[in-house]
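**Student:** please work out how this folds:
(2 chains)
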Amino acid sequence: MKTHFFLLSIFSVQLFISSASVNAQTNYFTPQHILQFAEYLYSEGDYLRAAGEYQRFLLISESAPDDSILFKIGTCYSLGQKPQKAIDIFKKIINQKQASTLRDSALYEIAFLYFKMGKFEQSLNFLDDHPHTSILNFNKFSSLKSINYLHLKKWEKAYQISSNAITGNALSDSLNFLLRNLALEGSDIHRKNKLSAALLSSVIPGAGKMYAHRFNDGIYSLITIGLTGWQAYDGFNKNKIRSTKGWIYGILCGGFYLGDIYGSVVAVKLYNEKTENDLIKKIDIRLDLHL
Amino acid sequence: MSASVYAQDFALTLADGLLKTGNLEEAITEYKRFLCFNHDEGKECQVYFKIGMAYRNDGQFQNAINAFDKAMSKSSIDSTRDAIRVNIGIVLIVEEKYSAAEFEFLRVRMFSKNSSLIKKANFYLGICYLYKYEWDKAKRVFSKYFTIQPVNEEVLSLFSADNLPGNKSPKLAKWFSTFIPGSGQIYGGNLLNGLNATGINFSLGYLLVDSILDHRCADALIGYSSLFERYYRGNRLNAERISREFNENSNRHSAAIIFNHISDLLLKKKSKL
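**Tutor:** I've put the predicted structure just below:
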(Lines give C-alpha, C1' and ligand atoms only; values in the text may rest on other atoms or scores of the structure.)
Protein backbone atom coordinates (compact mmCIF):
# COMPACT_ATOMS: atom_id res chain seq x y z
CA MET A 1 0.00 0.00 0.00
CA LYS A 2 2.80 2.33 1.00
CA THR A 3 4.66 1.42 -2.19
CA HIS A 4 1.58 2.04 -4.33
CA PHE A 5 1.08 5.43 -2.79
CA PHE A 6 4.75 6.20 -3.34
CA LEU A 7 4.64 5.14 -7.01
CA LEU A 8 1.46 7.18 -7.60
CA SER A 9 3.10 10.22 -6.11
CA ILE A 10 6.18 9.59 -8.26
CA PHE A 11 4.02 9.45 -11.41
CA SER A 12 2.25 12.65 -10.47
CA VAL A 13 5.64 14.30 -9.94
CA GLN A 14 6.76 12.95 -13.31
CA LEU A 15 3.61 14.37 -14.97
CA PHE A 16 4.28 17.73 -13.38
CA ILE A 17 7.89 17.63 -14.52
CA SER A 18 6.82 16.66 -18.03
CA SER A 19 4.42 19.57 -18.23
CA ALA A 20 7.05 21.89 -16.83
CA SER A 21 9.56 20.58 -19.30
CA VAL A 22 7.27 21.47 -22.20
CA ASN A 23 8.01 25.04 -21.33
CA ALA A 24 11.59 24.41 -20.43
CA GLN A 25 12.03 22.12 -23.48
CA THR A 26 14.23 19.64 -21.66
CA ASN A 27 14.06 16.90 -19.06
CA TYR A 28 15.74 13.57 -18.39
CA PHE A 29 13.12 11.58 -20.22
CA THR A 30 13.26 13.03 -23.70
CA PRO A 31 14.39 10.43 -26.27
CA GLN A 32 17.58 12.38 -26.83
CA HIS A 33 18.47 12.39 -23.13
CA ILE A 34 17.59 8.73 -22.70
CA LEU A 35 19.89 7.90 -25.59
CA GLN A 36 22.61 10.08 -24.07
CA PHE A 37 22.18 8.27 -20.74
CA ALA A 38 22.31 4.86 -22.46
CA GLU A 39 25.57 5.85 -24.18
CA TYR A 40 26.93 7.02 -20.82
CA LEU A 41 26.07 3.69 -19.16
CA TYR A 42 27.64 1.82 -22.09
CA SER A 43 30.85 3.83 -21.76
CA GLU A 44 30.85 3.11 -18.00
CA GLY A 45 30.64 -0.63 -18.70
CA ASP A 46 27.18 -0.96 -17.11
CA TYR A 47 25.94 -2.90 -20.15
CA LEU A 48 22.71 -4.45 -18.88
CA ARG A 49 21.45 -1.14 -17.53
CA ALA A 50 22.46 0.48 -20.84
CA ALA A 51 20.44 -2.18 -22.72
CA GLY A 52 17.40 -1.21 -20.65
CA GLU A 53 17.83 2.45 -21.51
CA TYR A 54 18.30 1.76 -25.23
CA GLN A 55 15.06 -0.23 -25.10
CA ARG A 56 13.35 2.63 -23.30
CA PHE A 57 14.61 4.91 -26.08
CA LEU A 58 13.11 2.62 -28.73
CA LEU A 59 9.78 2.61 -26.90
CA ILE A 60 9.65 6.37 -26.44
CA SER A 61 11.07 7.54 -29.76
CA GLU A 62 8.36 7.88 -32.35
CA SER A 63 10.50 6.99 -35.35
CA ALA A 64 10.73 3.44 -36.72
CA PRO A 65 13.01 1.05 -34.78
CA ASP A 66 16.59 1.91 -35.53
CA ASP A 67 18.81 -1.06 -36.44
CA SER A 68 21.86 0.58 -34.95
CA ILE A 69 20.07 0.85 -31.58
CA LEU A 70 18.95 -2.78 -31.80
CA PHE A 71 22.53 -3.71 -32.59
CA LYS A 72 23.72 -1.73 -29.56
CA ILE A 73 21.20 -3.56 -27.36
CA GLY A 74 22.47 -6.89 -28.67
CA THR A 75 26.05 -5.82 -28.01
CA CYS A 76 25.09 -4.75 -24.49
CA TYR A 77 23.59 -8.16 -23.75
CA SER A 78 26.59 -9.85 -25.30
CA LEU A 79 29.03 -7.83 -23.19
CA GLY A 80 26.75 -8.23 -20.16
CA GLN A 81 27.14 -12.03 -20.37
CA LYS A 82 23.55 -12.63 -21.54
CA PRO A 83 24.31 -14.40 -24.84
CA GLN A 84 20.86 -15.87 -25.44
CA LYS A 85 19.18 -12.48 -25.05
CA ALA A 86 21.81 -10.96 -27.36
CA ILE A 87 21.11 -13.64 -29.98
CA ASP A 88 17.36 -12.92 -29.79
CA ILE A 89 18.00 -9.23 -30.40
CA PHE A 90 20.43 -9.84 -33.29
CA LYS A 91 17.88 -12.20 -34.86
CA LYS A 92 15.37 -9.34 -34.87
CA ILE A 93 17.77 -7.42 -37.12
CA ILE A 94 18.23 -10.23 -39.63
CA ASN A 95 14.53 -11.12 -39.70
CA GLN A 96 13.43 -7.64 -40.66
CA LYS A 97 11.56 -7.32 -43.95
CA GLN A 98 13.78 -4.57 -45.22
CA ALA A 99 17.35 -5.68 -45.64
CA SER A 100 19.40 -4.03 -42.95
CA THR A 101 22.89 -2.68 -43.51
CA LEU A 102 23.80 -4.35 -40.23
CA ARG A 103 22.54 -7.79 -41.33
CA ASP A 104 26.02 -9.24 -41.90
CA SER A 105 27.31 -7.87 -38.62
CA ALA A 106 24.31 -9.34 -36.77
CA LEU A 107 24.89 -12.70 -38.47
CA TYR A 108 28.51 -12.66 -37.42
CA GLU A 109 27.64 -11.71 -33.83
CA ILE A 110 25.12 -14.57 -33.55
CA ALA A 111 27.59 -17.11 -34.90
CA PHE A 112 30.32 -15.70 -32.66
CA LEU A 113 28.04 -15.91 -29.61
CA TYR A 114 27.26 -19.56 -30.39
CA PHE A 115 31.02 -20.11 -30.63
CA LYS A 116 31.59 -18.39 -27.28
CA MET A 117 28.88 -20.55 -25.74
CA GLY A 118 30.80 -23.63 -26.93
CA LYS A 119 28.08 -24.51 -29.47
CA PHE A 120 30.52 -24.95 -32.37
CA GLU A 121 28.23 -27.12 -34.54
CA GLN A 122 25.36 -24.66 -34.06
CA SER A 123 27.65 -21.78 -34.99
CA LEU A 124 28.71 -23.55 -38.20
CA ASN A 125 25.14 -24.54 -39.09
CA PHE A 126 24.00 -20.97 -38.54
CA LEU A 127 26.72 -19.63 -40.83
CA ASP A 128 25.80 -22.19 -43.51
CA ASP A 129 22.08 -21.41 -43.26
CA HIS A 130 22.57 -17.65 -43.34
CA PRO A 131 25.09 -16.66 -46.01
CA HIS A 132 26.53 -13.18 -45.73
CA THR A 133 25.67 -10.66 -48.37
CA SER A 134 28.85 -8.65 -48.76
CA ILE A 135 32.03 -10.09 -50.26
CA LEU A 136 33.94 -7.75 -47.95
CA ASN A 137 32.95 -9.99 -45.06
CA PHE A 138 34.17 -13.21 -46.68
CA ASN A 139 37.41 -13.44 -44.68
CA LYS A 140 35.75 -12.54 -41.40
CA PHE A 141 33.15 -15.28 -41.77
CA SER A 142 35.57 -17.90 -43.05
CA SER A 143 37.91 -17.22 -40.11
CA LEU A 144 35.06 -17.83 -37.68
CA LYS A 145 34.18 -21.05 -39.49
CA SER A 146 37.78 -22.15 -39.34
CA ILE A 147 38.01 -21.41 -35.59
CA ASN A 148 34.85 -23.46 -35.04
CA TYR A 149 36.33 -26.39 -36.98
CA LEU A 150 39.54 -26.14 -34.92
CA HIS A 151 37.48 -26.52 -31.74
CA LEU A 152 35.67 -29.48 -33.24
CA LYS A 153 39.12 -30.98 -33.93
CA LYS A 154 38.33 -31.12 -37.66
CA TRP A 155 41.80 -29.97 -38.59
CA GLU A 156 41.64 -30.61 -42.35
CA LYS A 157 38.39 -28.71 -42.76
CA ALA A 158 39.81 -25.82 -40.70
CA TYR A 159 42.93 -25.76 -42.88
CA GLN A 160 40.89 -25.92 -46.09
CA ILE A 161 38.66 -22.99 -45.12
CA SER A 162 41.48 -20.74 -43.94
CA SER A 163 43.40 -21.56 -47.16
CA ASN A 164 40.46 -20.40 -49.27
CA ALA A 165 40.52 -16.94 -47.68
CA ILE A 166 41.08 -14.03 -50.01
CA THR A 167 44.35 -12.24 -49.47
CA GLY A 168 43.47 -8.75 -48.40
CA ASN A 169 44.56 -6.68 -45.48
CA ALA A 170 47.51 -7.58 -43.26
CA LEU A 171 45.36 -8.36 -40.21
CA SER A 172 43.11 -10.95 -41.86
CA ASP A 173 46.09 -12.44 -43.73
CA SER A 174 48.01 -12.96 -40.49
CA LEU A 175 44.91 -14.41 -38.80
CA ASN A 176 44.45 -16.90 -41.62
CA PHE A 177 48.13 -17.77 -41.52
CA LEU A 178 47.79 -18.43 -37.79
CA LEU A 179 44.67 -20.56 -38.32
CA ARG A 180 46.40 -22.63 -41.01
CA ASN A 181 49.36 -23.22 -38.70
CA LEU A 182 47.11 -24.25 -35.84
CA ALA A 183 45.21 -26.64 -38.13
CA LEU A 184 48.52 -28.15 -39.24
CA GLU A 185 49.63 -28.46 -35.63
CA GLY A 186 46.37 -30.24 -34.86
CA SER A 187 46.70 -32.70 -37.72
CA ASP A 188 50.33 -33.37 -36.69
CA ILE A 189 49.38 -34.42 -33.17
CA HIS A 190 50.87 -37.83 -32.51
CA ARG A 191 47.94 -39.94 -31.35
CA LYS A 192 48.52 -43.19 -29.47
CA ASN A 193 46.79 -46.36 -30.58
CA LYS A 194 44.41 -48.04 -28.13
CA LEU A 195 44.92 -51.49 -29.67
CA SER A 196 48.70 -51.18 -29.37
CA ALA A 197 48.32 -50.27 -25.70
CA ALA A 198 46.07 -53.29 -25.07
CA LEU A 199 48.48 -55.62 -26.90
CA LEU A 200 51.51 -54.24 -25.04
CA SER A 201 49.80 -54.70 -21.67
CA SER A 202 48.70 -58.22 -22.52
CA VAL A 203 52.33 -59.19 -23.28
CA ILE A 204 54.11 -57.19 -20.54
CA PRO A 205 51.77 -55.96 -17.77
CA GLY A 206 52.06 -52.20 -17.33
CA ALA A 207 53.71 -51.65 -20.72
CA GLY A 208 50.49 -50.22 -22.20
CA LYS A 209 50.35 -47.61 -19.47
CA MET A 210 53.99 -46.71 -20.01
CA TYR A 211 53.17 -46.35 -23.72
CA ALA A 212 50.53 -43.79 -22.65
CA HIS A 213 53.24 -41.93 -20.69
CA ARG A 214 52.05 -43.20 -17.30
CA PHE A 215 55.34 -44.67 -16.13
CA ASN A 216 54.58 -44.87 -12.41
CA ASP A 217 51.23 -46.56 -13.06
CA GLY A 218 52.93 -48.99 -15.42
CA ILE A 219 55.63 -49.98 -12.93
CA TYR A 220 53.05 -50.31 -10.14
CA SER A 221 50.90 -52.59 -12.34
CA LEU A 222 53.95 -54.67 -13.30
CA ILE A 223 54.96 -55.17 -9.65
CA THR A 224 51.40 -55.92 -8.45
CA ILE A 225 50.62 -58.39 -11.23
CA GLY A 226 54.10 -59.93 -10.98
CA LEU A 227 53.88 -60.44 -7.21
CA THR A 228 50.32 -61.80 -7.19
CA GLY A 229 51.19 -64.04 -10.16
CA TRP A 230 54.28 -65.32 -8.36
CA GLN A 231 52.25 -66.06 -5.22
CA ALA A 232 49.61 -67.88 -7.28
CA TYR A 233 52.34 -69.92 -8.97
CA ASP A 234 53.91 -70.64 -5.56
CA GLY A 235 50.57 -71.84 -4.15
CA PHE A 236 49.71 -74.09 -7.09
CA ASN A 237 53.28 -75.40 -7.24
CA LYS A 238 53.13 -76.54 -3.60
CA ASN A 239 49.54 -77.87 -3.30
CA LYS A 240 48.55 -78.27 -6.94
CA ILE A 241 44.95 -77.38 -7.82
CA ARG A 242 43.74 -77.63 -4.19
CA SER A 243 45.82 -74.64 -3.09
CA THR A 244 43.60 -71.94 -1.52
CA LYS A 245 46.47 -69.47 -1.67
CA GLY A 246 46.92 -70.29 -5.35
CA TRP A 247 43.27 -69.66 -6.14
CA ILE A 248 43.07 -66.41 -4.12
CA TYR A 249 46.22 -64.94 -5.65
CA GLY A 250 45.33 -66.39 -9.06
CA ILE A 251 41.94 -64.68 -9.10
CA LEU A 252 43.55 -61.44 -7.82
CA CYS A 253 46.26 -61.67 -10.47
CA GLY A 254 43.70 -62.32 -13.23
CA GLY A 255 41.63 -59.35 -12.11
CA PHE A 256 44.67 -57.07 -11.99
CA TYR A 257 45.83 -58.34 -15.40
CA LEU A 258 42.48 -57.65 -17.11
CA GLY A 259 42.17 -54.36 -15.24
CA ASP A 260 45.61 -53.34 -16.47
CA ILE A 261 44.67 -54.03 -20.11
CA TYR A 262 41.45 -52.04 -19.76
CA GLY A 263 43.35 -49.31 -17.87
CA SER A 264 45.89 -49.05 -20.68
CA VAL A 265 43.14 -48.46 -23.25
CA VAL A 266 41.61 -45.78 -21.00
CA ALA A 267 45.06 -44.23 -20.41
CA VAL A 268 45.61 -43.91 -24.18
CA LYS A 269 42.15 -42.38 -24.64
CA LEU A 270 42.90 -39.83 -21.89
CA TYR A 271 46.36 -39.14 -23.32
CA ASN A 272 44.90 -38.38 -26.76
CA GLU A 273 42.18 -36.19 -25.28
CA LYS A 274 44.68 -34.29 -23.13
CA THR A 275 47.02 -33.68 -26.05
CA GLU A 276 44.17 -32.35 -28.19
CA ASN A 277 42.74 -30.26 -25.37
CA ASP A 278 46.17 -28.76 -24.69
CA LEU A 279 46.28 -27.66 -28.31
CA ILE A 280 42.75 -26.22 -28.07
CA LYS A 281 43.86 -24.22 -25.02
CA LYS A 282 46.88 -23.01 -26.99
CA ILE A 283 44.54 -22.06 -29.85
CA ASP A 284 42.34 -20.01 -27.52
CA ILE A 285 45.32 -18.19 -26.04
CA ARG A 286 46.82 -17.39 -29.44
CA LEU A 287 43.49 -16.27 -30.86
CA ASP A 288 42.83 -14.13 -27.79
CA LEU A 289 46.14 -12.41 -28.41
CA HIS A 290 45.34 -11.99 -32.08
CA LEU A 291 41.65 -10.98 -32.03
CA MET B 1 14.05 27.72 -11.69
CA SER B 2 15.85 26.32 -14.71
CA ALA B 3 14.84 23.07 -16.37
CA SER B 4 18.07 21.35 -15.37
CA VAL B 5 17.36 22.06 -11.71
CA TYR B 6 13.88 20.57 -12.08
CA ALA B 7 15.45 17.53 -13.67
CA GLN B 8 18.19 17.18 -11.07
CA ASP B 9 15.76 17.33 -8.23
CA PHE B 10 13.41 14.92 -9.88
CA ALA B 11 16.07 12.30 -10.57
CA LEU B 12 17.43 12.43 -7.05
CA THR B 13 13.99 12.48 -5.43
CA LEU B 14 12.92 9.52 -7.52
CA ALA B 15 16.16 7.65 -6.74
CA ASP B 16 15.94 8.35 -3.01
CA GLY B 17 12.32 7.21 -2.97
CA LEU B 18 13.14 4.03 -4.87
CA LEU B 19 16.00 3.36 -2.47
CA LYS B 20 13.69 3.78 0.53
CA THR B 21 11.12 1.38 -0.90
CA GLY B 22 13.78 -1.22 -1.61
CA ASN B 23 13.79 -0.90 -5.43
CA LEU B 24 17.56 -0.93 -5.39
CA GLU B 25 18.32 -1.58 -9.08
CA GLU B 26 15.89 1.15 -10.19
CA ALA B 27 17.35 3.52 -7.62
CA ILE B 28 20.87 2.90 -8.95
CA THR B 29 19.65 3.63 -12.49
CA GLU B 30 18.17 6.95 -11.41
CA TYR B 31 21.28 7.94 -9.46
CA LYS B 32 23.37 7.15 -12.51
CA ARG B 33 20.97 9.18 -14.66
CA PHE B 34 21.66 12.12 -12.37
CA LEU B 35 25.40 11.56 -12.63
CA CYS B 36 25.20 11.46 -16.42
CA PHE B 37 23.83 15.00 -16.62
CA ASN B 38 25.36 16.67 -13.57
CA HIS B 39 28.99 17.19 -12.75
CA ASP B 40 28.90 18.95 -9.41
CA GLU B 41 31.76 17.25 -7.51
CA GLY B 42 30.14 17.53 -4.07
CA LYS B 43 26.90 15.96 -5.25
CA GLU B 44 28.71 13.35 -7.33
CA CYS B 45 30.43 12.10 -4.19
CA GLN B 46 27.11 11.84 -2.35
CA VAL B 47 25.40 10.09 -5.23
CA TYR B 48 28.21 7.58 -5.74
CA PHE B 49 28.05 6.90 -2.00
CA LYS B 50 24.31 6.21 -2.24
CA ILE B 51 24.92 3.95 -5.25
CA GLY B 52 27.46 2.09 -3.14
CA MET B 53 24.92 1.67 -0.34
CA ALA B 54 22.30 0.42 -2.80
CA TYR B 55 24.74 -2.12 -4.25
CA ARG B 56 25.72 -3.16 -0.71
CA ASN B 57 22.11 -3.71 0.30
CA ASP B 58 21.57 -5.65 -2.92
CA GLY B 59 24.49 -7.95 -2.08
CA GLN B 60 26.61 -6.75 -5.01
CA PHE B 61 29.66 -6.17 -2.88
CA GLN B 62 32.31 -5.62 -5.56
CA ASN B 63 30.10 -3.05 -7.30
CA ALA B 64 29.53 -1.41 -3.91
CA ILE B 65 33.27 -1.12 -3.31
CA ASN B 66 33.77 0.30 -6.83
CA ALA B 67 31.08 2.92 -6.19
CA PHE B 68 32.58 3.81 -2.81
CA ASP B 69 35.99 4.15 -4.47
CA LYS B 70 34.50 6.55 -7.01
CA ALA B 71 32.80 8.48 -4.23
CA MET B 72 36.18 8.83 -2.51
CA SER B 73 37.80 10.03 -5.71
CA LYS B 74 35.11 12.72 -6.04
CA SER B 75 35.73 14.18 -2.59
CA SER B 76 38.66 16.22 -1.39
CA ILE B 77 37.38 16.42 2.20
CA ASP B 78 39.38 14.09 4.42
CA SER B 79 36.58 13.28 6.86
CA THR B 80 34.23 12.36 4.00
CA ARG B 81 36.88 10.13 2.47
CA ASP B 82 37.47 8.47 5.84
CA ALA B 83 33.73 7.89 6.35
CA ILE B 84 33.59 6.21 2.94
CA ARG B 85 36.65 4.15 3.81
CA VAL B 86 34.86 2.87 6.93
CA ASN B 87 31.98 1.76 4.71
CA ILE B 88 34.37 -0.02 2.36
CA GLY B 89 35.76 -1.82 5.39
CA ILE B 90 32.26 -2.89 6.46
CA VAL B 91 31.59 -4.35 3.00
CA LEU B 92 34.92 -6.20 3.21
CA ILE B 93 33.90 -7.64 6.59
CA VAL B 94 30.63 -8.87 5.07
CA GLU B 95 32.69 -10.48 2.31
CA GLU B 96 34.84 -12.10 5.06
CA LYS B 97 37.94 -10.33 3.70
CA TYR B 98 39.10 -9.47 7.20
CA SER B 99 42.71 -8.55 6.38
CA ALA B 100 41.68 -6.09 3.67
CA ALA B 101 39.04 -4.62 6.03
CA GLU B 102 41.64 -4.34 8.80
CA PHE B 103 43.85 -2.33 6.45
CA GLU B 104 41.03 0.17 5.73
CA PHE B 105 40.20 0.63 9.43
CA LEU B 106 43.85 0.98 10.39
CA ARG B 107 44.23 3.75 7.81
CA VAL B 108 41.27 5.61 9.28
CA ARG B 109 42.56 5.08 12.82
CA MET B 110 46.04 6.33 11.94
CA PHE B 111 45.27 9.27 9.67
CA SER B 112 41.77 10.52 10.44
CA LYS B 113 41.32 13.68 12.48
CA ASN B 114 37.68 12.95 13.22
CA SER B 115 37.41 11.33 16.65
CA SER B 116 33.98 9.74 16.09
CA LEU B 117 35.23 8.11 12.86
CA ILE B 118 38.33 6.84 14.66
CA LYS B 119 36.08 5.32 17.32
CA LYS B 120 33.90 3.69 14.70
CA ALA B 121 36.94 2.37 12.84
CA ASN B 122 38.29 1.01 16.13
CA PHE B 123 35.09 -0.89 16.78
CA TYR B 124 35.12 -2.53 13.35
CA LEU B 125 38.83 -3.20 13.70
CA GLY B 126 37.90 -5.19 16.80
CA ILE B 127 35.40 -7.19 14.73
CA CYS B 128 38.16 -7.94 12.19
CA TYR B 129 40.48 -9.17 14.94
CA LEU B 130 37.63 -11.20 16.41
CA TYR B 131 37.03 -13.08 13.18
CA LYS B 132 40.75 -13.45 12.55
CA TYR B 133 40.84 -15.08 16.00
CA GLU B 134 43.43 -12.56 17.22
CA TRP B 135 41.93 -12.49 20.69
CA ASP B 136 44.50 -10.25 22.42
CA LYS B 137 44.24 -7.55 19.79
CA ALA B 138 40.43 -7.76 19.82
CA LYS B 139 40.43 -7.51 23.62
CA ARG B 140 42.66 -4.44 23.54
CA VAL B 141 40.52 -2.68 20.93
CA PHE B 142 37.16 -3.44 22.58
CA SER B 143 38.37 -2.52 26.06
CA LYS B 144 39.34 0.89 24.68
CA TYR B 145 35.95 1.20 22.97
CA PHE B 146 33.88 0.30 26.04
CA THR B 147 35.66 2.43 28.64
CA ILE B 148 32.82 2.88 31.14
CA GLN B 149 32.66 0.47 34.10
CA PRO B 150 31.23 -2.15 34.60
CA VAL B 151 30.89 -2.65 30.80
CA ASN B 152 34.65 -2.56 30.43
CA GLU B 153 35.07 -5.38 32.93
CA GLU B 154 32.36 -7.36 31.17
CA VAL B 155 34.26 -6.99 27.88
CA LEU B 156 37.51 -8.08 29.51
CA SER B 157 35.79 -11.11 31.00
CA LEU B 158 34.58 -12.13 27.51
CA PHE B 159 38.20 -12.63 26.55
CA SER B 160 39.15 -14.56 29.67
CA ALA B 161 40.78 -17.96 29.22
CA ASP B 162 37.52 -19.70 30.21
CA ASN B 163 35.66 -18.21 27.26
CA LEU B 164 38.37 -18.66 24.68
CA PRO B 165 38.85 -21.97 22.88
CA GLY B 166 41.79 -24.19 23.72
CA ASN B 167 43.37 -24.86 20.37
CA LYS B 168 44.83 -28.23 19.37
CA SER B 169 48.16 -28.36 17.63
CA PRO B 170 47.82 -29.98 14.17
CA LYS B 171 51.56 -30.80 14.22
CA LEU B 172 51.28 -32.53 17.57
CA ALA B 173 48.22 -34.47 16.34
CA LYS B 174 50.23 -35.66 13.34
CA TRP B 175 53.06 -36.81 15.57
CA PHE B 176 50.62 -38.60 17.90
CA SER B 177 49.22 -40.54 14.95
CA THR B 178 52.73 -41.27 13.67
CA PHE B 179 53.53 -43.24 16.84
CA ILE B 180 50.05 -44.49 17.82
CA PRO B 181 47.73 -44.48 14.81
CA GLY B 182 44.37 -42.93 15.67
CA SER B 183 45.61 -41.10 18.77
CA GLY B 184 45.95 -37.82 16.87
CA GLN B 185 42.31 -38.04 15.77
CA ILE B 186 41.21 -38.72 19.38
CA TYR B 187 43.33 -35.74 20.52
CA GLY B 188 41.55 -33.65 17.84
CA GLY B 189 38.18 -34.60 19.32
CA ASN B 190 37.04 -37.24 16.82
CA LEU B 191 36.87 -40.43 18.87
CA LEU B 192 35.18 -42.64 16.25
CA ASN B 193 37.62 -41.72 13.51
CA GLY B 194 40.48 -42.33 15.93
CA LEU B 195 39.24 -45.79 16.98
CA ASN B 196 38.65 -46.71 13.34
CA ALA B 197 42.19 -45.66 12.40
CA THR B 198 43.65 -47.52 15.40
CA GLY B 199 41.77 -50.72 14.51
CA ILE B 200 42.65 -50.72 10.82
CA ASN B 201 46.29 -49.70 11.24
CA PHE B 202 47.00 -52.15 14.06
CA SER B 203 45.36 -55.02 12.15
CA LEU B 204 47.27 -54.26 8.96
CA GLY B 205 50.46 -53.70 10.96
CA TYR B 206 50.02 -57.06 12.66
CA LEU B 207 49.61 -58.82 9.27
CA LEU B 208 52.66 -56.98 7.95
CA VAL B 209 54.89 -57.88 10.91
CA ASP B 210 53.58 -61.45 10.88
CA SER B 211 54.52 -61.81 7.18
CA ILE B 212 58.00 -60.42 7.83
CA LEU B 213 58.59 -62.70 10.83
CA ASP B 214 57.45 -65.70 8.74
CA HIS B 215 59.85 -64.61 5.97
CA ARG B 216 56.90 -64.19 3.55
CA CYS B 217 58.50 -61.22 1.85
CA ALA B 218 56.09 -61.10 -1.10
CA ASP B 219 53.05 -61.05 1.22
CA ALA B 220 54.70 -58.32 3.27
CA LEU B 221 55.45 -56.29 0.15
CA ILE B 222 51.91 -56.65 -1.22
CA GLY B 223 50.36 -55.89 2.17
CA TYR B 224 52.56 -52.86 2.64
CA SER B 225 52.25 -51.38 -0.84
CA SER B 226 48.55 -52.04 -1.38
CA LEU B 227 47.01 -51.40 2.06
CA PHE B 228 49.22 -50.51 5.01
CA GLU B 229 51.09 -47.58 3.50
CA ARG B 230 47.85 -45.99 2.27
CA TYR B 231 45.98 -46.32 5.57
CA TYR B 232 48.96 -45.28 7.68
CA ARG B 233 49.60 -42.13 5.61
CA GLY B 234 45.87 -41.32 5.59
CA ASN B 235 45.78 -41.70 9.37
CA ARG B 236 48.52 -39.10 9.83
CA LEU B 237 46.96 -36.63 7.39
CA ASN B 238 43.53 -37.11 8.95
CA ALA B 239 44.88 -36.38 12.42
CA GLU B 240 46.27 -33.04 11.20
CA ARG B 241 43.07 -32.18 9.31
CA ILE B 242 40.80 -33.02 12.23
CA SER B 243 42.80 -30.77 14.57
CA ARG B 244 42.64 -27.90 12.09
CA GLU B 245 38.87 -28.36 11.71
CA PHE B 246 38.47 -28.52 15.48
CA ASN B 247 40.36 -25.24 15.87
CA GLU B 248 38.38 -23.54 13.10
CA ASN B 249 35.03 -24.64 14.52
CA SER B 250 35.78 -23.74 18.12
CA ASN B 251 37.34 -20.40 17.15
CA ARG B 252 34.35 -19.52 14.96
CA HIS B 253 31.97 -20.51 17.74
CA SER B 254 33.81 -18.40 20.34
CA ALA B 255 33.99 -15.44 17.94
CA ALA B 256 30.23 -15.66 17.36
CA ILE B 257 29.51 -15.77 21.12
CA ILE B 258 31.77 -12.79 21.81
CA PHE B 259 30.29 -10.90 18.86
CA ASN B 260 26.74 -11.45 20.18
CA HIS B 261 27.75 -10.21 23.64
CA ILE B 262 29.41 -7.14 22.18
CA SER B 263 26.36 -6.42 20.03
CA ASP B 264 24.21 -6.56 23.19
CA LEU B 265 26.58 -4.21 25.00
CA LEU B 266 26.50 -1.83 22.06
CA LEU B 267 22.70 -1.83 22.01
CA LYS B 268 22.61 -1.16 25.77
CA LYS B 269 25.10 1.67 25.33
CA LYS B 270 23.00 3.21 22.57
CA SER B 271 19.74 2.86 24.51
CA LYS B 272 21.31 4.64 27.49
CA LEU B 273 22.37 7.47 25.23
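
**Student:** so which elements touch the host helix or strand of A:Ile248?
**Tutor:** Applying DSSP states H and E as the criterion places A:Ile248 in helix A:244-290. Helix A:244-290 is packed against helix A:138-151, helix A:170-187, helix A:194-203, helix A:207-211, helix A:215-239, with contacts defined by 3 or more C-beta pairs under 8 Å, 6 or more residues apart in numbering or on different chains; DSSP states H and E. Any C-beta I mention is one placed from the backbone N, CA and C, and that applies to glycine too.

**Student:** which strand or helix spans B:Gly89?
**Tutor:** Assigned by DSSP H and E, B:Gly89 falls within helix B:78-94.

**Student:** and for the helix or strand just after that helix, what's in contact with it?
**Tutor:** The element immediately downstream of helix B:78-94 (helix or strand, assigned by DSSP H and E) is helix B:98-111. Contacting residues not belonging to helix B:98-111 are listed as B:78, B:82, B:85-86, B:88-90, B:92-93, B:117-118, B:120-122, B:124-125, B:128-129, B:131-132 [C-beta atoms under 8 Å, 6 or more residues apart in numbering or on different chains].

**Student:** let's see that with 10 Å instead.
**Tutor:** Applying C-beta atoms under 10 Å, 6 or more residues apart in numbering or on different chains, the contact partners of helix B:98-111 are B:65, B:78, B:81-95, B:97, B:114, B:117-134, B:137, B:141.

**Student:** quick one: distance of it to the chain centre.
**Tutor:** Helix B:98-111 sits 14 Å away from the centroid of its parent chain (C-alpha atoms, centre = their mean, to the nearest Å).

**Student:** if you count neighbours, what's buried in that helix?
**Tutor:** Judged by neighbour count using 16 or more other C-beta atoms under 10 Å in any protein chain shown, the buried positions of helix B:98-111 are B:Tyr98, B:Ala100, B:Ala101, B:Glu102, B:Glu104, B:Phe105, B:Arg107, B:Val108, B:Arg109.

**Student:** next, the angle from it to helix B:78-94.
**Tutor:** Per axes from the mean of the first three to the mean of the last three C-alpha atoms, to 10 degrees, the angle that helix B:98-111 makes with helix B:78-94 is 160 degrees.

**Student:** please identify the buried residues of the next helix or strand after helix B:98-111?
**Tutor:** Following helix B:98-111 in sequence order, the next helix or strand is helix B:115-131 (DSSP H and E). Buried residues in helix B:115-131, counted by 16+ other C-beta under 10 Å: B:117-118, B:120-131.

**Student:** how big is the angle separating helix B:115-131 from helix B:98-111?
**Tutor:** Using the same axes, to 10 degrees: helix B:115-131 against helix B:98-111 is 150 degrees.

**Student:** re earlier: lowest-confidence stretch among the helices and strands packed on helix A:244-290?
**Tutor:** Mean pLDDT values for these show the minimum at helix A:170-187, a mean of 83.

**Student:** and it, what does it pack onto?
**Tutor:** Applying 3 or more C-beta pairs under 10 Å, 6 or more residues apart in numbering or on different chains; DSSP states H and E, one finds that helix A:170-187 makes contact with helix A:138-151, helix A:155-163, helix A:244-290.

**Student:** identify the residue nearest the residue most central in space within chain B in space, chain neighbours excluded?
**Tutor:** With distances taken as C-alpha atoms, centre = their mean, the residue of chain B nearest its centroid is B:Glu96 (3.7 Å). Of all residues not flanking B:Glu96 in the chain, B:Tyr131 sits nearest, at 7.4 Å (C-beta to C-beta, 6 or more residues apart in numbering or on different chains).

**Student:** my read: that neighbour touches B:Arg252, true?
**Tutor:** Yes. Counting by C-beta atoms under 10 Å, B:Arg252 is a contact partner of B:Tyr131 at 8.2 Å.

**Student:** not counting its neighbours along the chain, what's nearest residue 132?
**Tutor:** Just so you know, I chose chain A. In space, and not counting its chain neighbours, A:His132 is closest to A:Asp104: 4.6 Å by C-beta to C-beta, 6+ apart.

**Student:** actually it's chain B I care about, not the one you picked
**Tutor:** Once flanking residues are discounted, B:Lys132 sits nearest to B:Tyr98: 5.0 Å by C-beta to C-beta, 6+ apart.

**Student:** any idea of the pLDDT on that neighbour?
**Tutor:** On the pLDDT scale, B:Tyr98 is placed at 95.

**Student:** ok, A:Tyr42 next?
**Tutor:** We have a pLDDT of 96 for A:Tyr42.
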